[in-house]
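Q: Make a model of this:
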Amino acid sequence: MAARTVPARPRRGRLSLRAKLTGSMVVLLTVVCLLVGVVSEFALDLFLTRQIDQQLSAAANRSLVFASNTRPPDGGPPPQQQGAHPLGQNVGTVSATFSGQVLVHDDSIAEHGGRLYLTADQQALMLSVPADGKPHTMSFADLGEYRLMALPVAGTSDVVVTGLPMKPVTDTLLTVGLILFGVAAAGVLGVAFLGAFAVRRTLRPLDRVAATAGRVTELPLDRGQVALSIRVPEGDTDPRTEVGQVGSALNLMLGHVAQALEARHDSEIRVRQFVADASHELRTPLAAIRGYAELAARGSALVPPDVAHSMGRIQSEAVRMSSLVEDLLLLARLDAGRPLDVREVDLTRLVADAVGDARVAGREHRWLLELPPEPVLVLGDVQRLHQVLANLLANARTHTPPGTAVVTALARSADGSAVLTVTDNGPGIAPDLLPDVFERFARGDSSRSRNAGSTGLGMAIASAVVVAHHGTIEVHSRPGRTEFAVRLPVAVPAQRVHSIGTTLPQLGTGS
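A: The predicted model follows:
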């Protein structure tokens, strides 16, 4: 029976190629938008600050001219004046003239156009600006950031400090930043949707290649003749594209696999034919050997004991070899797909007869039988099905110690199929042997199997016969419990079983 391989589940968290490509585009666009936004904000900040500095230089010169014109003719310190402003100053401009550490003139303009009275802290901050004619950024507690420039009055110790607010610059940067963020967010979302569509459309040839590989995996490549005619469409094998290279390589590989499968099938046919021919040809000489051995055994009293023993061994080995030849011939016929003698089989009677035979052959075991109250009918070859059950019971008898309980049960499953189980409470099957139970010449105990006359083909024959009947056979084993389960399709619906009727021999529940 071909082993079924359960496909491994994909690991959680793994992304598809589409998701990776789309995500990469979104991440790259996000990084680009972020870089563009940062560079744009930085460049705009430099540009606006340079404009503020130009305006500040002009405002400082106007304040310097105004301070020079308001000095007394005698050159003394200018009197403190209130309410006069230099012409051309913008709203929000702060300007003050200091003579030493004393404020002698304040012509600051508030945002609403009125006069701005500087506090002592604000005056001290303006007084700290170096008189180097360069703009400096300082922050007033209540007014925010300002660009300040201090200019000395020629011929005096006076200093004129002028400042312009940075609020227009920060407001402009904030507005442009919000606009850039909105445009970038809309662009990233648009690229995410359009990119997903473009990637899906671009990878359609790869989907077709994957679909071709998927159809190949559904073919029964492990047995029989396989017509591997599936290929990737020609339009998806363009060597100028990456997907086309994959499709072309897959077609080339499928061609090599098809040739290998054809060669394997031809080899299997030759091997099966050889086994069938050899088995058939060996039957005649083996029958002659057995006949002459039996004839010689009748005169065992006239020959020495060692000769009589040798003739007995010849006869027993000829019987074992005949059994091996018959098993090989049966497997060769099953492999070749020879038609079975299909008819309606009363599986309930067959099970009862097989258990009765096993009880006679293995009196040292306890044979238990569990049958349903109604007969179970299947379509099949009665001789081959009997051989399946006989092999399962013989396997339980051979590989378990005396006193082991062997339970044979027949029932209907929920889907209506017939389920036959043979369960024993023996030592179980070794875990390393369990996957190969239905392989040919597989033995759990080679020495005991040979002494008991086993050929190692019993389970392989049982599996081949069950598969030929469109059924399944499974084995589950652990120390103290081994169960072989055979599942076969029933011949008629359950409601028709009552009209057929079967007489079963009376068997006990154990021995």
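Q: does residue 129 count as helix, strand or coil?
A: coil (DSSP: H, G, I helix; E, B strand; the rest coil).
Q: Quick check, it in contact with residue 136.
A: Yes. With contact defined as Cβ atoms under 8 Å, residue 129 reaches residue 136; the gap is 5.6 Å. Every residue, glycine included, has its C-beta placed from N, CA and C.
Q: Show me the helices in the stretch 251-400 of the chain, by range?
A: For the stretch 251-400 of the chain, applying DSSP state H, counting those that start in this stretch gives helices covering 305-335, 347-361, 382-398.
Q: so can I have a markdown table of the ones you listed showing mean neighbour count?
A: Shown next, in a markdown table, are the helices of the stretch 251-400 of the chain (neighbours: other Cβ atoms under 10 Å):
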| stretch | mean neighbour count |
| --- | --- |
| helix 305-335 | 16 |
| helix 347-361 | 19 |
| helix 382-398 | 21 |
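Q: Export these as TSV, with columns for mean pLDDT.
A: Converted to TSV, these look like this (pLDDT from 0 to 100):
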stretch	mean pLDDT
helix 305-335	77
helix 347-361	90
helix 382-398	89
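Q: Distance to residue 54 added to these, as JSON lines?
A: Formatted as JSON lines, those follow (distance: least, Cβ to Cβ, whole Å):
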{"stretch": "helix 305-335", "distance to residue 54": "98"}
{"stretch": "helix 347-361", "distance to residue 54": "105"}
{"stretch": "helix 382-398", "distance to residue 54": "103"}
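Q: Residue 274: which of the ones you listed is closest?
A: The closest of the helices of the stretch 251-400 of the chain to residue 274 is helix 305-335. By Cβ to Cβ, the value is 8.9 Å.
Q: could you give the angle of the closest one to helix 382-398?
A: 130 degrees (axes from the mean of the first three to the mean of the last three Cα atoms, to 10 degrees).
Q: chain center to helix 305-335, what's the gap?
A: Put simply, helix 305-335 sits 52 Å off its chain's centre (Cα atoms, centre = their mean, to the nearest Å).
Q: do stretch 257-271 as well
A: Centroid separation for stretch 257-271 versus its chain: 33 Å, with Cα atoms, centre = their mean.
Q: Could you pull out the buried residues of that stretch?
A: Neighbour counts over stretch 257-271 (16 or more other Cβ atoms under 10 Å) mark 258, 261 as buried.
Q: Give the rounded mean pLDDT of that stretch.
A: Average pLDDT, stretch 257-271: 77.
Q: okay, residue 129 and residue 136: which has more neighbours?
A: residue 129 (20 against 16; other Cβ atoms under 10 Å).
Q: element containing the closest residue to the more buried one other than its chain neighbours, please.
A: With Cβ to Cβ, 6 or more residues apart in numbering as the criterion, residue 129 has its nearest non-adjacent residue at 4.3 Å, and that residue is residue 150. Taking DSSP states H and E as the definition, residue 150 sits inside strand 144-152.
Q: Please enumerate residues in contact with that strand?
A: Contacts to strand 144-152, defined as Cβ atoms under 8 Å, 6 or more residues apart in numbering, come from residues 49, 52-53, 56-57, 60-61, 63-64, 94, 126, 129-140, 158-167, 170.
Q: let's go with 6 Å and repeat that
A: Contact with strand 144-152 is made by 52, 56, 60, 64, 129, 131, 133, 135-139, 159-167, as judged by Cβ atoms under 6 Å, 6 or more residues apart in numbering.
Q: go on, stretch 381-396?
A: With contact meaning Cβ under 6 Å, 6+ apart, stretch 381-396 is reached by 340-341, 345, 350, 354, 358, 406, 422, 424, 458, 462, 465, 484.
Q: and the residues you listed, which are buried?
A: 340, 345, 350, 354, 358, 406, 422, 424, 458, 462, 465, 484.
Q: Show me which pair in the residues you listed is furthest apart.
A: Greatest spatial distance in the buried ones among the contacts of stretch 381-396: 340 and 424, 28.6 Å, computed using Cβ to Cβ.
Q: Among the contacts of strand 144-152, which ones are in strands?
A: Of the contacts of strand 144-152, the ones assigned to strands by DSSP state E are 136, 137, 138, 139, 159, 160, 161, 162, 163, 164, 165.
Q: Columns distance to residue 375 on top of these, output as CSV?
A: Listed next are the ones in strands among the contacts of strand 144-152 as CSV, based on distance: Cβ to Cβ, whole Å:
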residue, distance to residue 375
136, 108
137, 103
138, 106
139, 101
159, 121
160, 121
161, 116
162, 115
163, 110
164, 108
165, 104
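Q: Can I get the buried part of these as one PyMOL selection?
A: To isolate the buried ones among the ones in strands among the contacts of strand 144-152 in PyMOL, judged by 16+ other Cβ under 10 Å, type:
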select buried, resi 136+159+160+161+162+163+164+165
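Q: mind putting the ones in strands among the contacts of strand 144-152 in CSV, pLDDT included?
A: Output for the ones in strands among the contacts of strand 144-152, formatted as CSV (pLDDT from 0 to 100):
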residue, pLDDT
136, 91
137, 90
138, 89
139, 88
159, 89
160, 89
161, 90
162, 90
163, 89
164, 90
165, 89
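Q: For residue 260, state which of the ones in strands among the contacts of strand 144-152 is nearest.
A: Checking the ones in strands among the contacts of strand 144-152 against residue 260 by Cβ to Cβ gives residue 137 as the nearest, at 79.6 Å.
Q: Return the residues in contact with that closest one.
A: residue 147.
Q: Go again with 8 Å.
A: Contacts of residue 137 (Cβ under 8 Å, 6+ apart): 145, 146, 147, 148, 166.
Q: any idea whether residue 96 is helix, strand or coil?
A: Reduced to three states with three-state DSSP, the structure at residue 96 is strand.
Q: ok, so what distance separates the closest residue to it other than its chain neighbours from residue 189?
A: Using Cβ to Cβ, 6+ apart and skipping the chain neighbours, the partner closest in space to residue 96 is residue 106 (4.9 Å). Residue 106 sits 54 Å away from residue 189, going by Cβ to Cβ, to the nearest Å.
Q: same check, this time on residue 434
A: Residue 434 is 56 Å from residue 189, by Cβ to Cβ.
Q: These two - which one has more neighbours?
A: Between residue 434 and residue 189, residue 434 has the larger neighbour count (other Cβ under 10 Å), namely 15 against 11.
Q: I'd guessed that one sits against residue 477; true?
A: Yes. If you go by Cβ under 8 Å, residue 434 and residue 477 touch, sitting 6.0 Å apart.
Q: Residue 287 touches residue 325, doesn't it?
A: No. Under the criterion of Cβ under 8 Å, residue 287 is not in contact with residue 325, lying 10.1 Å apart.
Q: returning to that earlier point: tell me which of the buried ones among the contacts of stretch 381-396 is nearest to residue 331?
A: Proximity of the buried ones among the contacts of stretch 381-396 to residue 331 (Cβ to Cβ) peaks at residue 465, which lies at 9.7 Å.
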